[in-house]
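>>> compute the structure for the input listed below.
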Amino acid sequence: MTERYIGLISGTSMDAVDAALVEFNADGPQCLMAIAHPFPETLRQDLRTLAAPDWRGNLDDFGRLDALTGDLMADATLSLLEWARVPASTITAIGSHGQTVRHRPDAHPPFTLQIGSPARIAQATGLTVVADFRTADMAVGGQGAPLVPAFHRAVLHHPRENRVVLNLGGIANITCLPASAQAPVLGFDTGPANTLMDHWIRHHRQVWHDENGDWAMTGQVSDALLARWMADPYLDLAPPKSTGTEYFSPTWLQAHLATCPGVSAADVQRSLLEFTAMSIARAIQSHAPDATRVIVCGGGVHNGALMARLRAHLSPRIVESSSHHGLDPDWVEAMTFAWLARERMQGRTGNLPAVTGASRAVMLGGIHAP
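Residues are numbered from 1 along each chain as shown. Now for the predicted structure:
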């Protein structure tokens, strides 16, 4: 039986809502169409203010942004259907991750907040929406993240090869996929991927990202900065673990830069790129030493300088884009939430306790009918 779902997610860059139309059949999930639906600039800035660790706004701001983000995600869905020329009646449900504005797995009690009103998405599109995926895992002792490893296992496991799937979003996360189906899957956030590099180039050059890592490669690595960053205690925490831009934030970066004055802006960018590559490589070498292939997805796959440094640090492992395995690297996360919505609609669990630290597997997400 063929089914169609839509997956929605906005990452830490808040540059667009990724929307993917995914068809499920006997051959597995196939992405039929995907778009990046841009944020209005005022909404982006307001959301960045809300997500900042030092936000001191009010609940009216929070509620307004929850509604506006839901409307934006509904618009993304309708645009996707228009581009794909697919009637809404053929879609079983939408899986909406929403926009993370807080992720505090180590708080007491732990909590996570994703906004983007699923009720508003359901009413605007006329479709069932599955949303709020992370809180069910947290309710049974998990970190609520990362959730993509279950999808990685479903589509990228290979019975004769130990693999790692690396997602280079704002934060980097890995999924360790042993060849043996009986061995547990491990997955966790390794640290920053694009978030700090994107922040730094926006601040200094007023562009959204460092195309291909070109600006970074005009600089030199600051050994002092790199040593400080590689000594960050998060890197040495044992999994399960997850993090976000609340921790690896501009404030975090400025605190370290204050201890190493005189480093040029380009050298900071080069050092951030090296930090991303080295922290990922350390995590893979420590937790997946037998892996022979690293499959990369997320926006960072387009940063040629970063990919080159990853290959250098991870040699002789193969480091390649997920496109070599039939998955467009830009849409893997959006596909994940279409897949998670399908798991929930069919009454199956969606978390991997070995990944998140949850006490048991649970169904993820609440169902919102139109």
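>>> what is the strand or helix carrying Gln123 packed up against?
Here Gln123 sits within helix 118-125, counting by DSSP states H and E. Here helix 118-125 touches helix 59-84, strand 93-104, strand 129-131, strand 366-368, going by 3 or more Cβ pairs under 8 Å, 6 or more residues apart in numbering; DSSP states H and E. In this view, the C-beta of every residue, glycine as well, is placed from N, C-alpha and C.
>>> can you give me the mean pLDDT across the first one?
Which is helix 59-84. For helix 59-84, the mean per-residue pLDDT is 97.
>>> on that earlier part again, of all the helices and strands packed on helix 118-125, which one is nearest Ala308?
strand 93-104 (29.7 Å; Cβ to Cβ).
>>> quick one: strands adjacent to that closest one?
Applying DSSP bridges, strand 93-104 is found paired with strand 3-10 (parallel), strand 111-115 (antiparallel), strand 129-131 (parallel).
>>> looking at the ones you listed, which is buried most?
With neighbours defined as mean count of other Cβ atoms under 10 Å, those peak in mean count at strand 129-131, which reaches a mean of 30.
>>> in JSON lines: the helices and strands packed on helix 118-125, plus distance to Asp232.
What follows is the helices and strands packed on helix 118-125, written out as JSON lines (distance: least, Cβ to Cβ, whole Å):
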{"stretch": "helix 59-84", "distance to Asp232": "30"}
{"stretch": "strand 93-104", "distance to Asp232": "17"}
{"stretch": "strand 129-131", "distance to Asp232": "32"}
{"stretch": "strand 366-368", "distance to Asp232": "35"}
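>>> quick check: end-to-end length of stretch 357-367?
Stretch 357-367 has an end-to-end distance of 24 Å (criterion: Cα to Cα, to the nearest Å).
>>> how about it: buried residues?
For stretch 357-367, the neighbour count (16 or more other Cβ atoms under 10 Å) marks Gly357, Ala358, Ala361, Met363, Leu364, Gly365, Ile367 as buried.
>>> looking at those residues, which is nearest Ala291?
Gly357 (21.7 Å).
>>> need the nearest residue in space to the closest one, chain neighbours excluded.
With sequence-adjacent residues excluded and distances taken as Cβ to Cβ, 6 or more residues apart in numbering, Gly357 is closest to Pro240, at 3.5 Å.
>>> need the pLDDT of that neighbour.
94.
>>> that one and Gln143 touch, don't they?
Yes: Pro240 is within contact range of Gln143, at 5.3 Å (criterion: Cβ atoms under 8 Å).
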